[in-house]
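Q: Okay, here's the prediction I keep looking at, along with the sequence it came from:
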Amino acid sequence: MELIQAGIEVMDARETNGEGHAPDSGLTREQRLVQRLTVAHQVMNGVANVLDLNDLFERVVRLIAERFGYEYVGIALIEGEYLVFKSSTYDYRAHILRHDREGDLPRFKVGQEGVTGVVASTGQTVLVPDVRLEPRYIHYPDVTPARSELVVPIKYGGTVTGVLNVESTVVNGFDEDDVQVLELLAAQIATAIANARLYTDLQTAYKQLQEMQDHFVQAEKMAALGQLVSGVAHEINNPLTGIIGYAELLLKETLPPEVRQPAEHIFQQGQRIARIVDNLQLFAREHKPQKTGVDLNQVVRAVIDLRGYDLRVSGVQLVEALQPDLPLAMGDFHQLTQVVLNVVNNAQQAMLTAHHRGRLTITTDTIQQNQFPMVRVTIADDGPGIPPEYLKRVCDPFFTTKEVGQGTGLGLSVAYGLMREHGGDLVIDSQVGTGTTVVLLLPTIFIKSDESPGPAPAAPHLTEPRRILVVDDEEAVRELAGFVLQAEGYEVDLADSGVSALQKLTSGTYDLIVTDVKMPGLDGKQLYRLIQQQWPALVPHVVFFTGDMANPETAAFLAATGNPVIEKPFNLDTFIATMQTALRTTSPDQAEGHGAPCPS
């Protein structure tokens, strides 16, 4: 401290005669020193277990002032190029305001300002008997000035970390005994500060560890949820295939209106369920990012299909304005869907927390940015808005203002990271009380005219019926596939298990095998491996259909085979086209002799 407040009463029996210390009655210098060292020990005992830094600073200052009778005491720490006072017996705030200085506590440049700044730089104690004769002392004429000062460095591990400063209203207010005692105190204070900092660091590390543990638990929950979604999707997709497929067959017939309208409803609602299940699998499915041309309108619609119902029932009005014929952007469909979903979820939570309702507007369009065409997705809510002090941090990992258990602080950080990886940007504009607008920007891509797909090849003309074996444990799926293929002129055999299919392969000849992947007993994967061993010529002519693509093992197996895959529930025209393409690669001599193992 360079400045002291006059009129503070000395709280100990330390009398002075105006020129320095009065002799302690009947005590020798050695006895007085022992007495002061004892008091110093008491001071340190009073702060030894204090682990909060601010509390530590205040207690040290108060106890030194009380026990030693020092009129003015302050403690300061080095922060960068400044020495910043943390606590003192002088009310600096009023003085700072009078002198238009910034900050709540005084700071001095290390090595440049005041006696304290010099001590912080040199690490050497400075005793000033008369501050009027010390040019480095900073005088303030508007308060009663100090007459003497003692500044002791606080060192830890040989490094100066701060200073302990005491001042007196009398000349020669301190002697060598004060120097010895305060240097001892400063060393103990340095250790106490280091312990408090270590405790603070441990608390911070523990908090971070808890946060990471919470995130790991959340990740485990998401993994478990993914497995659950995978199983549920498989169980739903099988009966859904029958519902949609038979409804589609009905609609291909000439029906009276009273029959066609219910059939259309069945088909449409089945398709709606299929989209919901597919979107659920989208976030449960593990996949490697693959960047292709992406229609951001489809990305937005996928999120709306997934979240639209929940938005409506929670009181959020959804407004869409999607630009037709939106140019494609280069990206990974799944990752971009995750970006939009994260932003929508954040907006919904903000609106419902603020006023239990809201209006969410999603638009797509194109703009020019730095002379480059960009696709823009704008997601605007009428929630509470983001305070300016938080706006720059909302994309930081783990930053959240939500209550514990209400958010991970990863939604926007993940979204921002994915947009940057795609060569785009995520921009947030927010006004408190008005709402928040999140803008997603991605560069467009151009498709050359010669890269556009040509007309689909004509279906093969069959000179004789082809034989197809359909294998599925679900009767509705098996019967539907058989009915559709027979209507196309194929000879069809049906097997309700892998074992039954194996028996038919041993005794018959087939041009194509269509098999489910997940079946009880001998499943599609095991059946495929047996075909590899016993009928290798048939391997290219195996087509899989499955409702289990969210399962990482299933997805990895199908990717490894390279064989065609039809996801349940399937469109009948797509199903037929896949069969025709698979049969087109079958040569007449390959189509014969499959009923027995190939000769060695």
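A: Structure received. Residues are numbered from 1 along each chain as shown.
Q: what separates Ala224 from Gly231, distance-wise?
A: Distance of Ala224 to Gly231, given as CB to CB, to the nearest Å: 11 Å. The way it works is simple: take the backbone N, C-alpha and C, and place the C-beta from them, glycine included.
Q: Neighbour count for these two, which is higher?
A: Gly231 (15 against 10; other CB atoms under 10 Å).
Q: Name the helix or strand for that one, please.
A: Assessed by DSSP states H and E, Gly231 sits inside helix 176-251.
Q: And for Gly489?
A: Under DSSP H and E, no helix or strand contains Gly489.
Q: Same question for Ala555.
A: Going by DSSP H and E, Ala555 is in helix 552-561.
Q: Report the buried residues of that helix.
A: 554-555, 557-558 (16 or more other CB atoms under 10 Å).
Q: try stretch 349-361
A: So for stretch 349-361, counting by 16+ other CB under 10 Å, buried means 349-352, 354, 358-361.
Q: same check, this time on stretch 527-547
A: Buried residues in stretch 527-547 (16+ other CB under 10 Å): 527-528, 531, 535, 537-539, 541-547.
Q: Need the distance between the two termini of that stretch.
A: End-to-end distance for stretch 527-547, by CA to CA, to the nearest Å: 18 Å.
Q: tell me how far that stretch is from the chain's mean position?
A: 42 Å (CA atoms, centre = their mean, to the nearest Å).
Q: and what of stretch 41-56?
A: The answer for stretch 41-56 is 39 Å, by CA atoms, centre = their mean.
Q: Restricting to C-alpha, output that stretch in PDB.
A: What follows is stretch 41-56, C-alpha atoms only, in PDB (Å, rounded to 0.1, in the frame of the first residue of the first chain):
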ATOM      1  CA  HIS A  41       2.900 -18.100  15.300                       C
ATOM      2  CA  GLN A  42      -0.600 -17.300  16.500                       C
ATOM      3  CA  VAL A  43      -1.300 -15.400  13.300                       C
ATOM      4  CA  MET A  44      -0.300 -18.300  11.100                       C
ATOM      5  CA  ASN A  45      -2.300 -20.700  13.300                       C
ATOM      6  CA  GLY A  46      -5.300 -18.500  12.600                       C
ATOM      7  CA  VAL A  47      -5.000 -18.900   8.800                       C
ATOM      8  CA  ALA A  48      -3.400 -22.300   8.500                       C
ATOM      9  CA  ASN A  49      -6.600 -24.100   7.600                       C
ATOM     10  CA  VAL A  50      -8.100 -21.300   5.400                       C
ATOM     11  CA  LEU A  51      -8.300 -22.600   1.900                       C
ATOM     12  CA  ASP A  52     -10.300 -19.900   0.200                       C
ATOM     13  CA  LEU A  53      -7.900 -17.300  -1.300                       C
ATOM     14  CA  ASN A  54     -10.100 -14.200  -0.600                       C
ATOM     15  CA  ASP A  55     -10.800 -15.300   2.900                       C
ATOM     16  CA  LEU A  56      -7.100 -16.000   3.400                       C
END
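Q: who touches that stretch?
A: Residues outside stretch 41-56 that contact it (CB atoms under 8 Å, 6 or more residues apart in numbering): 59-60, 63-64, 67, 86-87, 185, 188-189, 192-193, 195-197, 199-200.
Q: do stretch 535-546 as well
A: 234, 472, 477, 481, 505, 510-518, 524, 528, 531-532, 554, 558, 561, 563-568, 570, 575, 578-579, 582-583, 585-586, 590, 594, 597-598.
Q: Endpoints of it, how far apart?
A: 23 Å.
Q: which secondary element of the protein has the worst mean pLDDT?
A: helix 92-98 (a mean of 42; mean pLDDT, DSSP states H and E).
Q: in the next helix or strand after it, what counts as buried?
A: Counting by DSSP H and E, the element after helix 92-98 in chain order, helix or strand, is strand 107-109. Neighbour-count burial for strand 107-109 flags 107-108 (criterion: 16+ other CB under 10 Å).
Q: Identify each buried residue in whatever helix or strand comes next after strand 107-109, please.
A: Following strand 107-109 in sequence order, the next helix or strand is helix 114-122 (DSSP H and E). Buried residues in helix 114-122, defined by neighbour count with 16+ other CB under 10 Å: 114-121.
Q: how about CSV for these, with distance to Val375 added?
A: Below are the buried residues of helix 114-122 laid out as CSV (distance: CB to CB, whole Å):
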residue, distance to Val375
Gly114, 60
Val115, 64
Thr116, 60
Gly117, 57
Val118, 62
Val119, 62
Ala120, 57
Ser121, 58
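Q: Identify, from these, the entry nearest to Asn165.
A: Thr116 (5.6 Å; CB to CB).
Q: before we move on, which element is Leu360 in?
A: Here Leu360, judged by DSSP H and E, is contained in strand 358-369.
Q: mind saving the C-alpha coords of that strand as CSV?
A: Extracted in CSV, the C-alpha atoms of strand 358-369 (Å, rounded to 0.1, in the frame of the first residue of the first chain):
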residue,chain,number,x,y,z
GLY,A,358,-42.9,-20.1,-28.9
ARG,A,359,-42.5,-19.6,-32.6
LEU,A,360,-39.7,-21.3,-34.5
THR,A,361,-39.0,-20.2,-38.1
ILE,A,362,-36.8,-22.2,-40.4
THR,A,363,-35.9,-20.9,-43.8
THR,A,364,-33.5,-21.9,-46.6
ASP,A,365,-32.1,-19.7,-49.4
THR,A,366,-29.0,-18.8,-51.2
ILE,A,367,-26.8,-15.7,-50.8
GLN,A,368,-23.5,-14.3,-52.1
GLN,A,369,-20.7,-14.1,-49.6
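Q: Residues touching that strand, excluding its own?
A: So strand 358-369 is in contact with 296-297, 300, 304, 311, 315-323, 326-327, 344, 347-348, 351-352, 373-383, 441, 444, going by CB under 8 Å, 6+ apart.
Q: Give me the number of neighbouring residues for Asp55.
A: 13.
Q: before we move on, which element is it in?
A: Going by DSSP H and E, Asp55 is in helix 53-68.
Q: tell me the angle of that helix relative to helix 176-251?
A: In this structure, helix 53-68 runs at an angle of 160 degrees to helix 176-251, with axes from the mean of the first three to the mean of the last three CA atoms, to 10 degrees as the basis.
Q: Buried residues, helix 53-68. List them.
A: Neighbour-count burial for helix 53-68 flags 53, 56-68 (criterion: 16+ other CB under 10 Å).
Q: Which SSE is immediately downstream of it?
A: Per DSSP H and E, the first helix or strand lying C-terminal to helix 53-68 is strand 72-79.
Q: picking that back up, including pLDDT, could the buried residues of helix 53-68 go into CSV?
A: Formatted as CSV, the buried residues of helix 53-68 follow (pLDDT from 0 to 100):
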residue, pLDDT
Leu53, 85
Leu56, 88
Phe57, 89
Glu58, 88
Arg59, 87
Val60, 86
Val61, 88
Arg62, 87
Leu63, 87
Ile64, 87
Ala65, 86
Glu66, 85
Arg67, 85
Phe68, 85
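Q: Go through those residues and name the one nearest Ile244.
A: Out of these, the member with the shortest distance to Ile244 (by CB to CB) is Leu53, at 66.3 Å.
Q: and the gap between that closest one and Met330?
A: From Leu53 to Met330 the distance is 51 Å (CB to CB).
Q: Ok, Gln580 next?
A: On the measure of CB to CB, Gln580 and Met330 end up 32 Å apart.
Q: Give me the neighbour count for the closest residue to Pro327 other than its chain neighbours.
A: Leaving aside its sequence neighbours, Pro327 sits nearest to Thr444 (CB to CB, 6 or more residues apart in numbering; 4.1 Å). A count of nearby residues for Thr444, using other CB under 10 Å, gives 16.
Q: Now pLDDT, secondary structure and distance to Gly242 too, for the buried residues of stretch 527-547, in TSV please.
A: Formatted as TSV, the buried residues of stretch 527-547 follow (pLDDT from 0 to 100; DSSP: H, G, I helix; E, B strand; the rest coil; distance: CB to CB, whole Å):
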residue	pLDDT	secondary structure	distance to Gly242
Leu527	93	helix	22
Tyr528	93	helix	24
Ile531	93	helix	26
Trp535	91	coil	30
Ala537	89	helix	32
Leu538	90	helix	27
Val539	91	helix	29
His541	91	helix	25
Val542	93	strand	23
Val543	93	strand	19
Phe544	93	strand	18
Phe545	88	strand	13
Thr546	87	strand	15
Gly547	82	coil	11
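Q: Good, we can wrap up now.
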